[in-house]
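A.B. asks: what follows is a protein structure lacking sequence information:
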């Protein structure tokens, strides 16, 4: 019998797992992080929503890990020629998503409705759900000042020292109604192997997120994005250290312990099992690294039967 | 000695003459029609301003007569795949102009300032001046209803029957300060061989345009866009007929008579000379057809010495 599954997802790492699940089944829900959304020359760009859309419709650029396959960059190159900053590489096809989204926002549609329209147009059978209808932003505090996550990661290649990471404006933001319902109805909630500080905690820190998790009977499983002391990708360690968290699967277990039943860690981290279980979190060890579609489907399949 | 020259310009036909003049001198003013501006999925597109910019910076697609040379159309193609209308073929590089313009409008800059910023970025030494700072739109009235000029010309390929052409909202619009000053200071005003109804009259019908012309000591010269009963390009005849004007250089003379001193017509129209001069407009006959850079420069040179 088909299970109701809800993912919590971020960017590149998450999309690999979503692709693996898509090979096994369709119709699941994906609650996408929105704290990395930003305004780029008047366009509303939603990288985590878009990578989920592109992945599930089969048009994602899986080599780069973002954007649309075979996209071109004539728009951003011209932007540079006109003297404007063009460090954010928004592809020409990718741009269409941001332009129609911004247009529909100005017409009064909600981000959830817009995401449904775009998903449907791309032939997606899963529900991609913005974590919140409200805008807030993950900012990185560095010795040189406060910057948007995209600026930190794309413009400065993640190199500045990180003093703290904050979710600017989150105090006024709620988990979206649709995300809340998806969590409540789910039989299985899977937290993708994503950056805990910049992808998952921005969702779990929304007003109503804890309550939704508590009132859900789902089996709640997170996949650790870290093996040993290294994340599969991205600046997870820098961010965790800035949050005074140990950069390891044990650190992940501590961050998520009040939300999850099970943490899936890489088999190389089996020595952490007892320590993690002492936190009241069941710990399962398996091969969590996703190098291709086969390993993605393998992991997805294991997660269905955990 | 260098003359102060101000052009009134529309689209494709005008840009050919501007290119001819650019070969002879630099630093002239171009007052560009803005009544063909329109909102396209939240972006403010200004085709007549942009073709002037692209022509004078040497990046125009001279074969198509609009847009940027070697541009691609991946954005509009993707727009179509997402289920949105994409009859307006805004190129990927061309898009950068509209995106930064719209962004600067929302930041509070005027269209004149924005056009200066874009012109400077493109290395243009001429002043491209929006005819008005206010938004109004040339609409074509057809038996099926009222449509924007772009819709009539691009979406429906100019095929609907034309009952009338109106400048929606013009009653609240003034000639821009900068255009007014350019007209007043000019020693020579040249009205480009453009569609009189959709490119030139929208400028001349602005509040303050007649007064600016009357108070200017410039020699005022128009180039007829029509030879015999055919325009060089575009829907001039359909529009003139809807306005109960004869589609000929005589019709042009009648439309412009209270604004100009001289009408330059094609040598094949020399038989109209007397009829035109009876309107109080000096009529000069020459080869006005522009087939290449040489003929463009030839015409420009003649216009400098008229």
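C.D. replies: Everything's here; your move. From a predicted model like this one, the values you see are computed outputs, not experimental measurements.
A.B. asks: not counting its neighbours along the chain, what's nearest residue A:60?
C.D. replies: If the residues on either side of it in the chain are set aside, residue A:60 comes closest to residue A:54, at 3.8 Å by Cβ to Cβ, 6 or more residues apart in numbering or on different chains. Bear in mind the C-beta positions are built from the backbone N, C-alpha and C, glycine included.
A.B. asks: quick one: secondary structure of the one you found?
C.D. replies: Under DSSP: H, G, I helix; E, B strand; the rest coil, residue A:54 falls in the helix class.
A.B. asks: one more: residue A:297?
C.D. replies: Counting by three-state DSSP, the three-state call for residue A:297 is helix.
A.B. asks: show the pLDDT at it.
C.D. replies: Each residue has a pLDDT score; the one for residue A:297 is 94.
A.B. asks: next, whichever residue of the stretch 151-300 of chain A sits closest to chain B: secondary structure please.
C.D. replies: Closest to chain B within the stretch 151-300 of chain A is residue A:151: 17.1 Å, counting by Cβ to the nearest Cβ. Taking three-state DSSP as the rule, one finds residue A:151 in the helix state.
A.B. asks: contacts only, for it.
C.D. replies: residue A:140 (Cβ atoms under 8 Å, 6 or more residues apart in numbering or on different chains).
A.B. asks: just give me how far the longest helix belonging to chain A sits from the chain centre.
C.D. replies: When chain A is scanned for its longest helix (criterion: DSSP state H), the result is helix A:92-106. Between the mean C-alpha location of helix A:92-106 and the chain-wide mean there is a distance of 20 Å, by Cα atoms, centre = their mean, to the nearest Å.
A.B. asks: ok, that helix near chain B or not?
C.D. replies: Yes: using Cβ under 8 Å from any Cβ of the partner chain, helix A:92-106 comes into contact with chain B via A:92-93, A:95-97, A:99-100, A:102-103, A:106.
A.B. asks: can you say which of the residues you listed are buried?
C.D. replies: For the residues of helix A:92-106 next to chain B, a burial check counting by 16 or more other Cβ atoms under 10 Å in any protein chain shown picks out A:92-93, A:95-97, A:99-100, A:102-103.
A.B. asks: need these in a markdown table with pLDDT and distance to residue B:294, can you?
C.D. replies: Written out in a markdown table, the entries for those read as follows (pLDDT from 0 to 100; distance: Cβ to Cβ, whole Å):
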| residue | pLDDT | distance to residue B:294 |
| --- | --- | --- |
| A:92 | 98 | 36 |
| A:93 | 98 | 41 |
| A:95 | 98 | 39 |
| A:96 | 98 | 41 |
| A:97 | 98 | 46 |
| A:99 | 98 | 41 |
| A:100 | 98 | 45 |
| A:102 | 98 | 45 |
| A:103 | 98 | 44 |
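A.B. asks: using JSON lines, please lay out those residues together with distance to residue A:173.
C.D. replies: Putting those into JSON lines (distance: Cβ to Cβ, whole Å) gives the following:
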{"residue": "A:92", "distance to residue A:173": "32"}
{"residue": "A:93", "distance to residue A:173": "30"}
{"residue": "A:95", "distance to residue A:173": "27"}
{"residue": "A:96", "distance to residue A:173": "27"}
{"residue": "A:97", "distance to residue A:173": "23"}
{"residue": "A:99", "distance to residue A:173": "25"}
{"residue": "A:100", "distance to residue A:173": "24"}
{"residue": "A:102", "distance to residue A:173": "20"}
{"residue": "A:103", "distance to residue A:173": "23"}
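A.B. asks: what about residue A:265, which SS state?
C.D. replies: Reduced to three states with three-state DSSP, the structure at residue A:265 is strand.
A.B. asks: now it: closest residue in space that isn't a chain neighbour?
C.D. replies: For residue A:265, the nearest residue in space outside its immediate sequence neighbours is residue A:249; the separation is 4.2 Å by Cβ to Cβ, 6+ apart.
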